[in-house]
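K.L.:
Got a predicted structure plus its sequence, pasted below:
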Amino acid sequence: MIRKIEEKDKNVYLEMAHEFYHSPAVLHPVPDAYLERTFEECMRSADYIECYIFETDGEYAGYGLTAKTFSQEAGGYVYWLEELYVREKYRSKGLGREFFEMMEKKKEDGAARLRLEVEEDNVRAIALYKRMGYDFLDYRQMVKELHEK
């Protein structure tokens, strides 16, 4: 089952997000304070970010984070699939596919694109994303951090 995050999920969400950011799926860990901020923003509103909790047999199996932006290039709203984390023992059971299908059904009028990032060596995730119809963009992203790490 996939459902929107609730206040009662805070501790386990923070635990899973910490697991994610200390896994090979990311370039580097982020401070736990960032995870707290994300949770607080999810509780405040769905304007910028939404979090979904994955459950299997009453156990927390993972989570997904999404954000929405507008893209002139895409011609409408772009849903960023910010994070998809499934705990090891629940992988290859269809939760990732279920999350992607839910996002495709949930999109609002004016939605033009689903977008995500993936580490080059995360071949398992890349294989799933390709099966779901995703392809690579030929862009290199650049960022400028506006806060200290």
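P.N.:
Nice, I can see it.

K.L.:
Glu108: what's its closest spatial neighbour, skipping adjacent residues?
P.N.:
Nearest residue to Glu108 in three dimensions, chain neighbours excluded: Tyr77, at 6.9 Å (CB to CB, 6 or more residues apart in numbering). C-betas here are computed from N, CA, C, even on glycine.

K.L.:
Show me the helices in the protein, by range?
P.N.:
Ranges of helices within the chain are 10-20, 32-44, 95-106, 123-131, based on DSSP state H.

K.L.:
Sort out which residues of the last one are buried, please.
P.N.:
Residues Ala125, Leu128, Tyr129 are the ones in helix 123-131 that count as buried (16 or more other CB atoms under 10 Å).

K.L.:
still on that earlier bit, the helices of the chain into a markdown table, with extra columns for mean pLDDT and distance to Tyr85?
P.N.:
What follows is the helices of the chain, written out as a markdown table (pLDDT from 0 to 100; distance: least, CB to CB, whole Å):
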| stretch | mean pLDDT | distance to Tyr85 |
| --- | --- | --- |
| helix 10-20 | 98 | 4 |
| helix 32-44 | 96 | 12 |
| helix 95-106 | 90 | 10 |
| helix 123-131 | 91 | 10 |
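
K.L.:
just to revisit the earlier point, so what's the residue count around the residue nearest to Glu108?
P.N.:
Counted with other CB atoms under 10 Å, residues neighbouring Tyr77 total 16.

K.L.:
and the closest residue to Ala112 other than its chain neighbours, how many neighbours?
P.N.:
Distances taken as CB to CB, 6+ apart place Gly76 nearest to Ala112, at 3.3 Å, with adjacent residues excluded. Each residue near Gly76 was counted by other CB under 10 Å, and the total is 14.

K.L.:
tell me the contacts of Glu131?
P.N.:
Heads up, residue 131 is Arg, not Glu. Residues in contact with Arg131 (CB atoms under 8 Å, 6 or more residues apart in numbering) are Arg97.
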